[in-house]
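# quick check, what structure comes out for this input:
(chains A, B, C and D)
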There are 2 protein chains.
Amino acid sequence: MNEKNIPAIVISRLPKYLITLEKLHNQEIEKTSSNELGALLDITPAQIRKDLSFFGGFGKKGSGYSIPNLIHVIRDILNLDIVWDVAIVGAGKIGQGLALYEGFLNRGFSIKVLFDNDPNKIGQRVGVHQIYDIRNLQVIIQDLNIKVALVAVPQAHAQKVADQLVQAGIKAILNYTPVYLTSPNSDVVILQIDPILQLQNMTYYLK
Amino acid sequence: MNEKNIPAIVISRLPKYLITLEKLHNQEIEKTSSNELGALLDITPAQIRKDLSFFGGFGKKGSGYSIPNLIHVIRDILNLDIVWDVAIVGAGKIGQGLALYEGFLNRGFSIKVLFDNDPNKIGQRVGVHQIYDIRNLQVIIQDLNIKVALVAVPQAHAQKVADQLVQAGIKAILNYTPVYLTSPNSDVVILQIDPILQLQNMTYYLK
DNA sequence: TTGTGTGAATTCCTTCACAGCG
DNA sequence: CGCTGTGAAGGAATTCACACAA
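Okay, here's the model as predicted:
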């Protein structure tokens, strides 16, 4: 299904379609159209149809898309048919905030462990999660076979942590520090969440 | 200088150039080239030169760009010649984490106020910041003439808060909730930071 | 010689417009 | 009819390649 080389920009829109479809689904709506979806997302209907057509024809001519089916299909494309276990590195405010956030599970992710290097934090709980010693990071991640990690440590430690994660077999890193992380391993996906990059982008349009 | 209609994608790269230039600057490096910058950012040199040429010719043929000058120019383009005051709405873990983060100031932003609706939190301090009653949001934001806000409230309240912010004169909102915020006012810039959208994007490339 | 700035070429992405199916 | 799926057209963004200035 996702054999061909799908443009990254197409993939990046699928999660947006998904969250909107799930919202409609929660309202017990069963069908939608590229028109309706486009209006909700501020994306042209043609764009949505073309994006979906990369993967097959999921709609019915004249009547649109079955929402449950389209949710299923998109989750499948994005490999969200399974729940991904997640490790959080750094139990500061951001790390703890992420650990306590309850929105992960029904969108395909389950927080499994939380690491810190502060002896006062190690062993403590954050919600249902225990904080583990970062020195055990590699062993635990390998044992639990975790592939996805969030990095929320002080920026000075970010690259070192990333290296350890990659060595432990992590394949996707979401980086909350303002450091460009690199991996020698080219099959690791790294994305950055730097709020200041976004703010600096917005200020261009002000004034 | 930024009169013409510059593609948004060009603007979105300028903060990345800036953070890299600042990093070089901290290492006391005075000059760089589109080649060097491109290697650091994984962007082609031609792309960088073309982006910068939208705003003028800032390099010297044969020798490249003066880093202090280019930093100055980009900050100027992005309206970062002034420091923007910022309000944070929501003093949960994420809001507090943002409030305590010390990286804002030297990148052009200064956290000025923090709001919450929890009586137990109102009046407390988070670092140097005091938590204010969200009922005073509009008055305080107007009085302080704040234009930039971070929203880190539970998602059920996100749109209501955004409406209040817009009414108080906020022009840029960085939204940490997984809700698509809208503004009747089209001169308000809203960007979303939803970690799950990013994670769902990454899982496509796994397995 | 080096590395910018930029038209031209190319590649990529979006939108159009409509045949065709339900 | 209504709405999808899709070739073809159009538009945007990236890359090429080179004249030119330091």
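
# next structured bit after the host helix or strand of residue A:70?
Using DSSP states H and E, residue A:70 maps to helix A:67-77. Read in the C-terminal direction, the helix or strand following helix A:67-77 is strand A:84-89, with elements assigned using DSSP H and E.

# other SSEs contacting the helix holding residue A:70?
helix A:8-26, strand A:31-32 (3 or more Cβ pairs under 8 Å, 6 or more residues apart in numbering or on different chains; DSSP states H and E). Yep, even glycine has a C-beta here, placed from its N, CA and C like the rest.

# redo that, cut-off 6 Å
Taking 3 or more Cβ pairs under 6 Å, 6 or more residues apart in numbering or on different chains; DSSP states H and E as the contact definition, the neighbouring helices and strands of helix A:67-77 are helix A:8-26.

# ok and the helix it packs on relative to helix A:67-77, angle-wise?
Between the axes of helix A:8-26 and helix A:67-77, defined by axes from the mean of the first three to the mean of the last three Cα atoms, to 10 degrees, the angle is 140 degrees.

# ok, helix A:8-26 near chain B or not?
Yes: between helix A:8-26 and chain B, judged by Cβ under 6 Å from any Cβ of the partner chain, the touching residues are A:11, A:12, A:15.

# in a helix, residue A:110, correct?
No: checked against DSSP: H, G, I helix; E, B strand; the rest coil, residue A:110 lies outside a helix; its state is strand.

# isn't it right up against residue A:83?
Yes: contact criterion Cβ atoms under 6 Å: residue A:110 and residue A:83 qualify, at 5.1 Å.

# how about the closest residue to residue A:197 other than its chain neighbours, what does it touch?
Setting aside the residues directly before and after it, residue A:197 is nearest to residue B:15 in space (Cβ to Cβ, 6 or more residues apart in numbering or on different chains), at 4.5 Å. When the contact criterion is Cβ atoms under 6 Å, 6 or more residues apart in numbering or on different chains, the partners of residue B:15 are A:197, A:200, A:201.

# confidence score at residue B:15?
In the prediction, the pLDDT value recorded for residue B:15 is 98.

# now do residue A:207
On the pLDDT scale, residue A:207 is placed at 84.

# could you verify my assumption that it touches residue B:79?
Yes: at 5.4 Å, residue A:207 counts as touching residue B:79 under the criterion of Cβ under 6 Å.

# quick revisit: what residues of the helix holding residue A:70 count as buried?
Applying a neighbour-count criterion of 16 or more other Cβ atoms under 10 Å in any protein chain shown, one finds A:67, A:70, A:71, A:73, A:74, A:75, A:77 buried in helix A:67-77.

# identify all contacting residues around it.
For helix A:67-77, the surrounding residues in contact (Cβ under 6 Å, 6+ apart) are A:2, A:14, A:18, A:21, A:24, A:25, A:30, A:32, A:55, A:58, A:81.

# determine which two of the residues you listed are furthest apart.
A:2 and A:30 (26.1 Å; Cβ to Cβ).

# ok, these two, which is more surrounded?
Here residue A:2 and residue A:30 are compared on neighbour count by other Cβ atoms under 10 Å in any protein chain shown; more neighbours surround residue A:2, at 14 against 11.

# helix/strand/coil for residue A:43?
Per three-state DSSP, the secondary structure class of residue A:43 is coil.

# how many neighbouring residues does the spatially closest residue to it that is not a sequence neighbour have?
Once its chain neighbours are removed from consideration, residue A:43 has its nearest residue in residue A:13; the separation is 7.1 Å (Cβ to Cβ, 6+ apart). The criterion is other Cβ under 10 Å. On that basis, residue A:13 has 18 neighbouring residues.

# and residue A:13, how far is that from residue A:201?
Applying Cβ to Cβ, to the nearest Å, one obtains 19 Å for the distance of residue A:13 from residue A:201.

# same deal with residue A:153?
25 Å.

# more neighbours, the two?
Here residue A:153 and residue A:201 are set side by side on neighbour count (other Cβ under 10 Å), and the busier one is residue A:153, at 25 against 21.

# hang on, the more buried one packs against residue A:92?
No: counting by Cβ under 6 Å, residue A:153 does not reach residue A:92; the two are 7.7 Å apart.

# kindly report the residues of chain A close to chain B.
The interface of chain A toward chain B, taken as Cβ under 6 Å from any Cβ, is made up of A:11-12, A:15, A:78-79, A:93-94, A:96-97, A:103, A:107, A:109, A:171-172, A:174, A:178, A:189, A:191, A:193, A:195-207.

# residues of chain A that sit close to DNA strand D?
A:33-35, A:45-46, A:49-50, A:52-53, A:57-65 (Cβ under 7 Å from any atom of the strand).

# now do the domain split for chain A, please.
What the record gives for chain A is the domain set A:8-77, A:84-197, from automatic domain parsing.

# tell me the most buried of those?
Mean neighbour counts were taken over the domains of chain A using mean count of other Cβ atoms under 10 Å in any protein chain shown, and the top value, a mean of 18, falls to domain A:84-197.

# ranges for the strands of chain A?
In chain order, chain A shows strands spanning A:31-32, A:59-60, A:64-66, A:84-89, A:109-116, A:125-126, A:129-133, A:148-151, A:172-175, A:189-192, with DSSP state E as the criterion.
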